[in-house]
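> Everything below, folded, please.
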Amino acid sequence: MILTDDQRQIADMAKSFLAEEGTIAKQLRHWRDIGCKDGFGHDLWKQMAELGLTGLAVPEAEGGLGLGATEAALVMEEVGRNLTPSPFLTTALVAVEAMKGTEQGKHWFPGIVAGETVAAIAVDEGPHHRPRQIALRAERSGNGFALSGTKQFVVHGASADVILVAARTSGSAGESDGLTLFAVPREAAGMTVENVALTDSSKAARLTFDKVAVDADAVIGEVDGGWEPLRRAMRLGRTGAAAEMVGAAGGAMTMTVDYLRQRKQFGKLIGEFQVLQHRAAHLFGEIEIARAATLKAAELLDKGDDKAGIMSHVAKAKAGRVATLAVQEGVQMHGGIGMTDEHDIGFYMKRAKVLDSLFGDSSYHARMVQVMGA
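You can find the predicted model right below:
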């Protein structure tokens, strides 16, 4: 697709800012090495707010920029290129999309726009992403509901001010009908939060709900009508995650090509070996295909096209496989040093693995493409 001047400006701004402030040394390594419970810097989140990025998808009428999935994908690509840890994907994109047009959105959007609020979304309950299999129960209790069950892989769940919880208010696991989204504040009584470090040093949480009481105002949208906002949020989330993987693949490739231009064996730069040139050229082509698929998914989301759903599955599947290829090639071409913690290339492999699993891995989305395309 051809970007507009405004979209190029946003991409350039994100590129220059994150290349300066979002680097591995300043962010990822720093927060990992000091054992930060959040895994990201709140100062950086505030800086992103000052640039308008935290409110990128928030409607203009509610203080945001009112931009779409394409602009979000451009920012996410730069996040991935620099491996910048932040709650941008889960808060500024997924949570915002789920809360658009609701009273909960009006309540939480000002804090998100100001870079003062972090949101998380709790969907998965088992080892795989299966949103229709949600079994966590929300039963009527007084003028509200009581939530009971468990969630896992809740990114930034221990750092969030509000957690968007997908629960079943009717029906059975496996059905999309009967789901409801709730905005559960961090201090909710009866909610146990276990903070877990993922393989890339980012943080996710396992949540246990023991009759957690929420009032009727906590409902996002309509009771039993949670599938639609969840579906919208997941489409944007997987497109954003795909864009981040494209960026991570590009960052890994840039680092690897730079190494090929510097490392010598047998008196020659290893980048002069034809076999490595062919592998690098193949990888470049694959990354461009993944980028095209991701931007197409974003474009269709912005247009409200009926094909946006299947294309977001295509983007996530392709980006996941390409990111895996890029980081594997990167580590292998770096040789022994690629396996050490001192070199940054290994961080790309770890992040690619986590991103592939987030909102469903590449195999899940490939199956969804087959089902939807049948």
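
> any weak-confidence spans in the stretch 251-374 of the chain?
By pLDDT under 70, the low-scoring segments of the stretch 251-374 of the chain are 374.

> could you pull out the helices for it?
Taking DSSP state H, counting those that start in this stretch to define them, one finds helices in the stretch 251-374 of the chain at 274-303, 308-334, 345-357, 362-373.

> the domain parsing of this structure - what is it?
In the domain annotation for the chain, the residue ranges read 5-117, 121-224, 228-373 (automatic domain parsing).

> would you list those in CSV and tack on mean neighbour count?
(Glycine included, C-beta is placed from N, CA and C.) CSV is the format used below for the domains of the chain (neighbours: other Cβ atoms under 10 Å):
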stretch, mean neighbour count
domain 5-117, 20
domain 121-224, 19
domain 228-373, 20
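
> Adding distance to Ala183, write the helices of the stretch 251-374 of the chain out as a markdown table.
Shown next, in a markdown table, are the helices of the stretch 251-374 of the chain (distance: least, Cβ to Cβ, whole Å):
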| stretch | distance to Ala183 |
| --- | --- |
| helix 274-303 | 23 |
| helix 308-334 | 24 |
| helix 345-357 | 25 |
| helix 362-373 | 27 |
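
> mind checking which of the ones you listed is nearest Arg232?
Arg232 lies closest to helix 274-303 among these, at 8.8 Å (Cβ to Cβ).

> Could you report the distance from the closest residue to Thr90 other than its chain neighbours to Asp124?
Nearest non-adjacent residue to Thr90, counting by Cβ to Cβ, 6 or more residues apart in numbering: Val155, 5.1 Å away. To Asp124, Val155 is 10 Å away according to Cβ to Cβ, to the nearest Å.

> What segments of this protein are strands?
119-122, 137-141, 144-155, 162-168, 179-185, 191-197, 203-215, 219-220, 264-265, 268-269 (DSSP state E).

> Please name whichever of those is nearest to Phe40.
Going by Cβ to Cβ, the one of those nearest Phe40 is strand 203-215, 8.1 Å.

> List the contacts of the closest residue to Asp210 other than its chain neighbours.
Closest residue in space to Asp210, ignoring its immediate chain neighbours: Gly190 at 4.6 Å, by Cβ to Cβ, 6+ apart. For Gly190, the contact set (Cβ atoms under 8 Å, 6 or more residues apart in numbering) comprises Phe209, Asp210, Lys211, Val212, Ala213.

> again, 6 Å this time
Gly190 makes contacts with Asp210, Lys211, Val212, as judged by Cβ atoms under 6 Å, 6 or more residues apart in numbering.

> again with Pro131
Contacts here follow Cβ under 6 Å, 6+ apart; on that basis Pro131 touches Val123.

> Mind jotting down where the helices sit in the stretch 1-150 of the chain?
In the stretch 1-150 of the chain, the segments counted as helices under DSSP H, counting those that start in this stretch are 5-21, 29-33, 42-50, 69-82, 96-99, 103-113.

> Format those helices as TSV; extra columns: distance to Ala167 and mean pLDDT.
Output for those, formatted as TSV (distance: least, Cβ to Cβ, whole Å; pLDDT from 0 to 100):
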stretch	distance to Ala167	mean pLDDT
helix 5-21	35	97
helix 29-33	32	97
helix 42-50	28	98
helix 69-82	26	98
helix 96-99	13	98
helix 103-113	15	97
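
> Quick one, which of the ones you listed gets closest to Ala292.
Ranking those by their distance to Ala292 (criterion: Cβ to Cβ) puts helix 69-82 first, at 11.4 Å.

> What lies in contact with that closest one?
For helix 69-82, the external contacting residues (Cβ under 6 Å, 6+ apart) are 7, 10-11, 14-15, 18, 22-23, 93, 236, 239-240, 243-244, 246-248, 250-251, 294, 298-299, 301-302.

> quick one on the thing from earlier: which of the strands of the chain has the lowest mean pLDDT?
Mean pLDDT values for these show the minimum at strand 264-265, a mean of 77.

> quick one on the thing from earlier: surely the residue nearest to Thr90 and Leu89 touch.
No - using Cβ atoms under 6 Å, Val155 is not in contact with Leu89; the gap is 7.9 Å.

> Straight-line length of stretch 215-228, end to end?
End-to-end distance for stretch 215-228, by Cα to Cα, to the nearest Å: 21 Å.

> Gly105 is nearest to which of the helices of the stretch 251-374 of the chain?
Closest approach to Gly105 among the helices of the stretch 251-374 of the chain (Cβ to Cβ): helix 274-303, 18.2 Å.

> how distant is stretch 164-182 from the center of its chain?
With Cα atoms, centre = their mean, to the nearest Å as the basis, stretch 164-182 stands 22 Å off its chain's centre.

> should've said stretch 245-259
Taking Cα atoms, centre = their mean, one finds stretch 245-259 lying 19 Å from the centre of the chain it belongs to.

> With stretch 152-160 instead?
Using Cα atoms, centre = their mean, the offset of stretch 152-160 from its chain centre is 12 Å.

> Just give the nearest non-adjacent residue to Ala11, would you?
Per Cβ to Cβ, 6+ apart, closest to Ala11 is Leu74, 4.2 Å.

> gap between the one you found and Ser357?
Distance from Leu74 to Ser357, by Cβ to Cβ: 24 Å.

> Cheers, nothing more for now.
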